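**Student:** sharing a sequence plus its predicted fold:
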Amino acid sequence: MRTADVQQVAVFLLLVVGVGLAIGYATVPGAWYANLAKPSFTPPGWLFAPVWTVLYICIAIAGWRIWAAAPRSIAMLLWSVALILNFLWSPAFFGAHLIGAALLVVGSLFVAVVLFIPTAWPHSRTAAVLFVPYAAWVAFAASLNGAIYVLN
């Protein structure tokens, strides 16, 4: 890998992982979330941070690969939209306690992630494949968010 590539990957990792973790620390679930009715399929709280850390690394690498291959493409636009929506969810759900609004955000995020995969494929199959677990986790997160909305 060239030095320039390493620097670019580092920037993507710092942006995605750094901002993602910062938002996570700023919007800790807390007592409000603990008191919500949750569905039986709610995973233990400790699982979210490691899963999101791995996903953020995958998101960063996928973004870098698309940026390197096709910076002005629809795939790069979808990657950016997905990242913005991802970063909006925690403040909507945990910060503002807007379960319904957060459900709309995560639903839109799912659409952006799913559209990214075939759009990225011609530019970088690796980037497309890196979004498959992201799509699965966002689908799960959307179902969890939806169930919490219904229960509360």
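**Tutor:** It's in.
**Student:** let's check: the centremost residue of the protein is which one?
**Tutor:** Among the residues of the chain, the one closest to the centroid is Asn86, at 4.3 Å (C-alpha atoms, centre = their mean).
**Student:** who's in contact with that residue?
**Tutor:** Asn86 sits next to Gly20, Ile59, Leu109 when contact means C-beta atoms under 8 Å, 6 or more residues apart in numbering. No exception for glycine: its C-beta is placed from N, CA and C like everyone else's.
**Student:** is it true that the second one touches Tyr134?
**Tutor:** Yes: taking contacts as C-beta atoms under 8 Å, Ile59 lies within contact range of Tyr134: 6.3 Å.
**Student:** show me what counts as buried in stretch 10-17.
**Tutor:** Neighbour counts over stretch 10-17 (16 or more other C-beta atoms under 10 Å) mark Phe12, Leu13, Leu15, Val16, Val17 as buried.
**Student:** sorry, slip of the keys, the one I care about is stretch 97-111.
**Tutor:** Applying 16+ other C-beta under 10 Å to stretch 97-111 flags Ile99, Ala102, Leu103, Val105, Val106, Gly107, Ser108, Leu109, Phe110 as buried.
**Student:** quick check: longest helix of this protein.
**Tutor:** If you go by DSSP state H, the chain has its longest helix at helix 125-151.
**Student:** show me where this structure has its helices.
**Tutor:** 3-13, 19-26, 30-34, 48-69, 74-90, 99-120, 125-151.
**Student:** and these as JSON lines, adding distance to Phe41 and mean pLDDT?
**Tutor:** Converted to JSON lines, the helices of the chain look like this (distance: least, C-beta to C-beta, whole Å; pLDDT from 0 to 100):
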{"stretch": "helix 3-13", "distance to Phe41": "31", "mean pLDDT": "90"}
{"stretch": "helix 19-26", "distance to Phe41": "21", "mean pLDDT": "92"}
{"stretch": "helix 30-34", "distance to Phe41": "16", "mean pLDDT": "95"}
{"stretch": "helix 48-69", "distance to Phe41": "14", "mean pLDDT": "96"}
{"stretch": "helix 74-90", "distance to Phe41": "19", "mean pLDDT": "97"}
{"stretch": "helix 99-120", "distance to Phe41": "16", "mean pLDDT": "98"}
{"stretch": "helix 125-151", "distance to Phe41": "7", "mean pLDDT": "98"}
